[in-house]
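S.K.: sequence below, structure please.
(one chain, ligands or ions: 1)
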Amino acid sequence: LKIGVLASGRGSNFQAIIDEIEAGKIPAKIEILIVDNPNAYAIERAKKHGIPYLFINPKDFQSKEAFYEKIRDELLSKDVELVILAGFMRIVKKPLLDAFPNRIMNIHPALLPSFPGLHGQKQAVDYGVRISGCTVHFVDEGVDSGPIIIQAAVPVHPDDTEDSLSERILKLEHKIFPEAIRLFAEGRLKVEGRKVKILNYKLP
Ligand code: GRF
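M.R.: I've put the predicted structure just below:
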């Protein structure tokens, strides 16, 4: 499976995916990393692992659509089959969505449909929920609204801060994102309407 990754920052999820692929656990290859931020630490990770990378500056484009047309064309030129949003801090627009229907995956640091958008962990702490977690989902035109693939839950402690909860959730992100990609690479995800069927799924 040929993968393209979009990232804006640290890239710890990107790293977790690289590690699982290098360990032979996902039948996939990362063809390209595209960043919208020239200082993204994800670039260092790509360099270290011999993954081609490209900075595409949103400011170079007249419109969001033109920016996403450029990203789409770069991904298509590498024959990418699955696009991974690994901390990509933008809403994906039509030119990219149309080229990859149910072939763009995102990770969100909350149990969707609760707490979509920015700062999912802070939203959970502020609301006072007792359980939160993370969600891997296919991307549609909404904000964190596409079909859910995998979720994992963590407790929220009464004295948790945004940081302490984020750290607990991140550990699980690094497990379920590669897991979702593995299921996709094995051809085991079938989208039916807004639901995702997992073929031959065994409870963990
Ligand atoms: C993660 O919390 C992820 O859930 C959110 O953005 C953050 C990215 O972290 N979408 P990293 O760049 O993968 O370390």
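S.K.: quick check, E186 in contact with P27.
M.R.: Yes. E186 is within contact range of P27, at 7.1 Å (criterion: C-beta atoms under 8 Å). Quick note: C-beta positions are derived from backbone N, CA and C, even for glycine.
S.K.: how about the residues of the chain near the ligand?
M.R.: Residues of the chain lying close to the ligand (C-beta under 6 Å from any ligand atom) are 9-14, 86-87, 107-109, 170, 173.
S.K.: could you measure Q15 against H49, distance?
M.R.: Using C-beta to C-beta, to the nearest Å, one gets 9 Å for the distance from Q15 to H49.
S.K.: swap in G24?
M.R.: 14 Å.
S.K.: neighbour-wise, which of the two wins?
M.R.: Under the criterion of other C-beta atoms under 10 Å, the comparison of G24 against H49 puts H49 first, with 15 against 7.
S.K.: that one and R10, how far apart?
M.R.: Taking C-beta to C-beta, one finds H49 at 15 Å from R10.
S.K.: what's the burial count for the residue nearest to H119 when sequence neighbours are not counted?
M.R.: Spatially, and ignoring its direct neighbours in sequence, H119 is nearest to E162 (7.2 Å; C-beta to C-beta, 6 or more residues apart in numbering). Neighbourhood size, E162 [other C-beta under 10 Å]: 15.
S.K.: quick one, what contacts E162?
M.R.: Each residue near E162 by C-beta atoms under 8 Å, 6 or more residues apart in numbering is listed here: H119, Q121, K122, V125.
S.K.: cool, thanks, signing off.
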